[in-house]
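Enquirer: Sequence and predicted model, in that order:
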Amino acid sequence: MENINTFISGFGKHYTNNPEKKGKPCYHASFPEIGLAHIEKLLATPQAVVKDKAQWVIFSRLQSRVHAEQREQGVYSALWCDIDETNLTINDFTEKLSSIVNGSLVFTYTSRSHTKETPKYRGIIPLSIGVTGIEYELLQAVLNNKLKQLDIKPDKAAERAAQPCYLPNRGEVYEHQITGNKKFDPDLWKSELKAIRTAKEKALQDIEQKRLKAIINRSRSITSGVSVIDSYNQSHSIELCFSMYGYTKVSERWLSPLSQSKTPAVIIKGNKWISHHGSDIDHSVGNLSTDGTCCFGDAFDLAVFFDYMNDKSRALKELGNSIQTNEGISINKANQREYAAANEQVNTINEFDNVAANEPLFDLTQFSLNGSSEEMESKMLEDKFVLGRMAILGQATAFYAKPNAGKTLMTLWLLIDAIKRQEIEGSKVFYINADDNHKGLVCKLKLAENNNFHMLAPSYNGFNPNDFLPMLKTIIHQDTASGTIIILDTLKKFTDVMDKKIGTEFGKVIRAFVSKGGTVIMLAHTNKHRDNDGKVIFSGTSDIVDDIDCAYTLDITSDDPFNRTVIFENFKSRGDVVKTISYSYSATEGQDYYDLLASVEPVDEARAAKLQAQKIIDEKLAKNEMIIEAAIEAIDEGINTKTDLAELVRKNTGISLSKVHSALKEHEGSDFHNGHRWRVSKADKNKHVYVKTALFANSSLSYSEAKNG
């Protein structure tokens, strides 16, 4: 018989038994189980850990954190609620929750982030019988509705089958209560269950009608030759898919059904969705960005995940067999026919059947290049650098930088320098300025005229960025690419860097242009977030980088009010390009662009390394500023042992203990100029005692005065 008093549990949001996570710290062969009696003990003696390590429970014994699996196979024996917005005391909250379940057994306790000013509670209601996953989700919805009727706002995430309930965890203030002694009988909510089941079924019917209507309205445009993915996206808008799969719209954003947070973090951009939910990233919904901070996709990607358990091959096969063209046959069948006709498959087979057994069927020598080496050698370009020692003639190169880091300035300076030194012919250069206002364009056009290179811009003289690839294909076909240098400023105006399919097609054309002797230089953006080493990361999928020859990031290493220093760092290369190189330019306000350009100059390696090191120190100081100030104040007050110091800093800043300890370690040492702010020595009983670093250890100045003076 199913034990309805035992449930699966785990520690921290990433705890999983998913085999795909094997080898990672979050992976475990199975979930531990926890009993109702153990939960009752935790109420009196709660854990006291950061949330990332806190224990949680799902009130089912099924070994899964997948919502669909728990919904279909789980058996639940408790309900729960999560309250983050209320002014109630725990007595009032417990009384109201008890009234909802007719005085049945109820556990209530404060969340870890609960304070007297911002009360936060959880409640657990043990059930007298086990219920299915579908019934559980409906009962959770009934519970939340009843709370709303009492002016208590619950977290709707608790209505999802695999949403974890975090167990008692002592915070700044902790309280708990147990009331009643008889487990709640869910049959008492029969009428409410029937009403909410009917409402949900009607909502699902409405969604299905919208989906069918969309398919009928758009199927007329589906013809053979259209991919399954394009066909699905034609008949399913992202908004429709969000409704189908349980996303919740909050203002202009959406909350993922997988999310464990309460903050909507999914946006729609054109025909794509982009999610910053950690749960979506962990479950591999759609495509993962290169820096791992978000995932993205289209309507088809949502169907692959939610309907086909992330099995793309199965989705393509089954959807291709079910979607019909305007001719009334499946899209797979239509595409197979078109492929066979295009390749004259039947005739080819018959032709091979009639060939004598001892006669060769096919000879690859017709494709051999032998004998054409001299002709090909005559078309080879001499190895010349187009921009400094970073971009080689006859290659595709990309420069990635954050906005206003100086990528356009540096590109123009390096380009003009190469023309002046006669490394390249200005008349062969086509700078496409698609990221400037009219004033900026006029300024740069004068530079182009003075240095004999071409400047192009969207909407001028009929140029359209959407026609760029067809133009390149024409140049490739006419074999006139050799020696031509094209600079794209910026890349996002010519392709969708977030779309793998579009990016791959773009890369193929660029590759073909380069193979014919052309040169392409692309200016592009980096992500908002940096990697673990503090370095900038290129934005978009990896398809562009995979198809080009050389790639650099450009980052600011020193940004004082009068002079800025930047560094180019190579992360992909073919040829003898420089690995890193730095330049500086004036940062004085009010100067015109020509003066700014004239101020650019190379920075020697020693000075560049020193500036880079100082930047890392400054960034750590800025990142940990709040912790540093709180720690200095505590040391001044005589709180200087490691445990007491860390705890006081945590309390005064609200920053987690692990981050406080990390900052204490980062700024430990005797060199103030190297970012050190305290020294550590051992006292009696192996205690670690903190003393301020020498620069201001004997000074009466406050930390902020010493820092600024």
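Expert: Nice, thanks for sending it over. Small disclaimer: the values here were computed from a predicted structure and weren't measured.
Enquirer: what residue ranges in the stretch 501-650 of the chain are flagged as low confidence?
Expert: 606-609 (pLDDT under 70).
Enquirer: That one: strands as residue ranges?
Expert: Remark: strands assigned in the stretch 501-650 of the chain by DSSP state E, counting those that start in this stretch are 519-525, 550-559, 563-572, 580-586, 601-603.
Enquirer: Turn those strands into CSV, including distance to A448.
Expert: Glycine gets a C-beta too; all of them are placed from N, C-alpha and C. Shown next, in CSV, are these (distance: least, Cβ to Cβ, whole Å):
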stretch, distance to A448
strand 519-525, 15
strand 550-559, 22
strand 563-572, 23
strand 580-586, 20
strand 601-603, 22
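Enquirer: secondary structure element for Y136?
Expert: Assigned by DSSP states H and E, Y136 falls within helix 133-149.
Enquirer: Moving C-terminal from that helix, which element do we reach first?
Expert: Next along the chain after helix 133-149, taking DSSP H and E as the criterion, comes strand 153-154.
Enquirer: Off-centre distance for that following strand?
Expert: Chain-centre distance of strand 153-154: 29 Å, with Cα atoms, centre = their mean, to the nearest Å.
Enquirer: any idea which helix or strand comes after it?
Expert: Using DSSP H and E, the first helix or strand after strand 153-154 is strand 165-166.
Enquirer: what does that following strand rub up against?
Expert: The contact list for strand 165-166, computed with Cβ atoms under 8 Å, 6 or more residues apart in numbering, reads 51, 54-59, 80, 82, 111-112, 122, 124, 158.
Enquirer: what is the mean pLDDT for that strand?
Expert: Strand 165-166 comes out with an average pLDDT of 94.
Enquirer: From the contact counts, what lies against the helix holding Y136?
Expert: Contacts defined by 3 or more Cβ pairs under 8 Å, 6 or more residues apart in numbering; DSSP states H and E place helix 133-149 against helix 67-73, strand 75-85, helix 90-100, strand 153-154, helix 190-219.
Enquirer: can you pick the most crowded of the contacts of strand 165-166?
Expert: F59 (28 neighbours; other Cβ atoms under 10 Å).
Enquirer: one step back: helix 90-100 and the helix holding Y136, what's the angle between them?
Expert: Per axes from the mean of the first three to the mean of the last three Cα atoms, to 10 degrees, the angle that helix 133-149 makes with helix 90-100 is 120 degrees.
Enquirer: quick revisit: quick one: which of the contacts of strand 165-166 sit in strands?
Expert: Cross-referencing these against strands under DSSP state E gives 55-58, 80, 82, 122, 124.
Enquirer: thinking again about what came up before, nearest to G638, of the strands of the stretch 501-650 of the chain?
Expert: Within the strands of the stretch 501-650 of the chain, the stretch nearest G638 is strand 550-559; the backing value is 38.2 Å (Cβ to Cβ).
Enquirer: Strand partners (parallel or antiparallel) of that closest one?
Expert: Strand pairing for strand 550-559, determined by DSSP bridges: strand 396-401 (parallel), strand 563-572 (antiparallel).
Enquirer: And the contacts of the shortest one?
Expert: Residues from elsewhere that reach strand 396-401, judged by Cβ under 8 Å, 6+ apart: 386-387, 390-391, 407, 410-411, 491, 510-511, 513-514, 519-526, 536, 538-539, 544-545, 547-555, 568.
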